[in-house]
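Chemist: Have a look at this prediction, sequence included:
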Protein chains: 2
Amino acid sequence: MADTPRSFDPTELGAYFALIEVSSLLRHTVEQQLREAGDLSYVQFQLLARLGNSPDGSYRMTDLADGVVYSRSGLTYQAQSLEQRGLVTRAPSPDDERSTTVTITQQGRDTLAKVFPGHIAVLDGLLFEPLARQDVEVLADVLGRVRDHMRAAPPRSAAPRRRKTS
Amino acid sequence: MADTPRSFDPTELGAYFALIEVSSLLRHTVEQQLREAGDLSYVQFQLLARLGNSPDGSYRMTDLADGVVYSRSGLTYQAQSLEQRGLVTRAPSPDDERSTTVTITQQGRDTLAKVFPGHIAVLDGLLFEPLARQDVEVLADVLGRVRDHMRAAPPRSAAPRRRKTS
DNA sequence: GCTTGTTGCTTCGGATTCGAAGCAACTGGG
DNA sequence: CCCAGTTGCTTCGAATCCGAAGCAACAAGC
């Protein structure tokens, strides 16, 4: 397999390495800020932010997991943690007894509001500062296209669950 | 000093979210490939790759940690693991008795060679496939600039001015 | 040569992550 | 109604990660 190990040219390598390094550093810094400002991990912040953006402030566990890339078990762990701290509530969905609906509380919204300015400040100073308006636009466009492509791509596993192969 | 809690416009948000999601998904997929192909974690692969690129195949621990963004202790953990598997050796530096020099072994190079084609294939299919040549160039340029800016920025002395004024 | 201070790495304890297995609720065919 | 299959979430065990404290080797000042 993989008989065509073409190697990358410097530009491609540069793009790849820069992507990895930028996201790592950014995440690291943001994580520190969130920890200091509101004792939140990055995942917890993402979850709260997503819930806060929802019309009714709630989502199913699965939808949350999909939006944040993390594993189901990891999400359970964080949701429990957030629930114990009173930032979200969890209740079985009225429709589907097996699905759990997570809802952000007022305290959760307060916490979100408390950490948000610092979050923006970090992004501003670290990510956007060296970029012109046009750079941001290009970045959004190109990375947005990559993201759509990734989402569309099959999970790439010789899945144990083969079904529906047309 | 809550002077500028400016919120981001959709383009900035899009760039930020796309960056996070792309890097997360990419990393996730790459991690799986590396695990299957050579039982390596992403960090381990990065370390081996970096060592393999070095003229003499070796680096000091600190330089490795800086290049890979991870914590010192985490690096120690991974280096020990790699050493036990015979992929690298560790020895005190002749100059500085306290610094440890990590060197890739032939077996390490073999492992690297084994996983590399698959690694490239993943990147190709996931990251580069939807991009035109020009997109890659722009990406390398813009992200490269951001990376340089981040490296120049002080790691954490940027926010110590704030007190918990809740 | 001693005493401080710094630097480089490791150990330690705790938090977070994941995949696999387990359990409970829905679904469809008989 | 029952049975197998699927779906949604949680529990479990193990791996990985980090920051803080600890230890050893250098560097400076006296």
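Modeler: That came in fine, so what should we check first?
Chemist: Now for the residue nearest the centre of chain A: which residues touch it?
Modeler: Centroid-nearest residue in chain A, with C-alpha atoms, centre = their mean: A:V68, separated by 3.6 Å. Contacts for A:V68 (C-beta atoms under 8 Å, 6 or more residues apart in numbering or on different chains) come out as A:V43, A:Q46, A:L47, A:R50, A:L75. The way it works is simple: take the backbone N, C-alpha and C, and place the C-beta from them, glycine included.
Chemist: Of these - the most surrounded one?
Modeler: Using other C-beta atoms under 10 Å in any protein chain shown as the neighbour test, the contacts of A:V68 are led by A:L47, with 27 neighbours.
Chemist: Which ones among the contacts of A:V68 lie within strands?
Modeler: Judged by DSSP state E, the contacts of A:V68 include no members of strands.
Chemist: and which of the residues you listed is nearest B:T100?
Modeler: Closest to B:T100 out of the contacts of A:V68 is A:V43 (32.9 Å), distances taken as C-beta to C-beta.
Chemist: show me where chain A has helices.
Modeler: A:10-38, A:42-53, A:61-68, A:72-84, A:106-123, A:133-152 (DSSP state H).
Chemist: mind showing which ranges of chain A have poor pLDDT?
Modeler: Flagging of chain A using pLDDT under 70 yields the residue ranges A:1-6, A:153-166.
Chemist: which residue sits closest to the residue of it found nearest DNA strand C in space, ignoring its chain neighbours?
Modeler: Per C-beta to the nearest atom of the strand, A:G74 is where chain A lies closest to DNA strand C, at 2.5 Å. Excluding its sequence neighbours, the residue lying closest to A:G74 (C-beta to C-beta, 6 or more residues apart in numbering or on different chains) is A:V43, at 7.4 Å.
Chemist: again, but for A:T111
Modeler: Nearest non-adjacent residue to A:T111 (C-beta to C-beta, 6+ apart): A:G38, at 5.0 Å.
Chemist: Over to A:G14?
Modeler: Using C-beta to C-beta, 6+ apart and skipping the chain neighbours, the partner closest in space to A:G14 is B:A140 (4.0 Å).
Chemist: how close does that neighbour get to B:S71?
Modeler: 27 Å (C-beta to C-beta, to the nearest Å).
Chemist: Looking at the two, which has the bigger crowd around it?
Modeler: B:A140 (20 against 11).
Chemist: what residues are up against that one?
Modeler: Residues near B:A140 by C-beta under 8 Å, 6+ apart: A:T11, A:E12, A:G14, A:A15, A:A18.
Chemist: from memory the residue of chain A closest to DNA strand C sits against A:Q46, does it?
Modeler: No. With contact defined as C-beta atoms under 8 Å, A:G74 does not reach A:Q46; the gap is 11.8 Å.
Chemist: Let me see the contact set for A:L75.
Modeler: Applying C-beta under 8 Å, 6+ apart, the residues contacting A:L75 are A:L47, A:M61, A:L64, A:A65, A:V68.
Chemist: hmm, stretch A:142-156 in reach of chain B?
Modeler: Yes. Residues of stretch A:142-156 are located near chain B by C-beta under 8 Å from any C-beta of the partner chain, namely A:V142, A:L143, A:G144, A:R145, A:V146, A:R147, A:D148, A:H149, A:M150, A:R151, A:A153, A:R156.
Chemist: Now which of these would you call buried?
Modeler: Buried subset of the residues of stretch A:142-156 next to chain B (neighbour count, 16 or more other C-beta atoms under 10 Å in any protein chain shown): A:V142, A:L143, A:G144, A:R145, A:V146, A:R147, A:H149, A:M150.
Chemist: you'd agree the fourth one is up against B:P130?
Modeler: Yes. With contact defined as C-beta under 8 Å, A:R145 reaches B:P130; the gap is 5.2 Å.
Chemist: State the number of residues packed around A:Q84.
Modeler: The tally of other residues near A:Q84 (other C-beta under 10 Å) stands at 9.
Chemist: ah, wrong one, I meant A:Y70
Modeler: 18.
Chemist: now A:P94: how far from A:S58?
Modeler: 12 Å.
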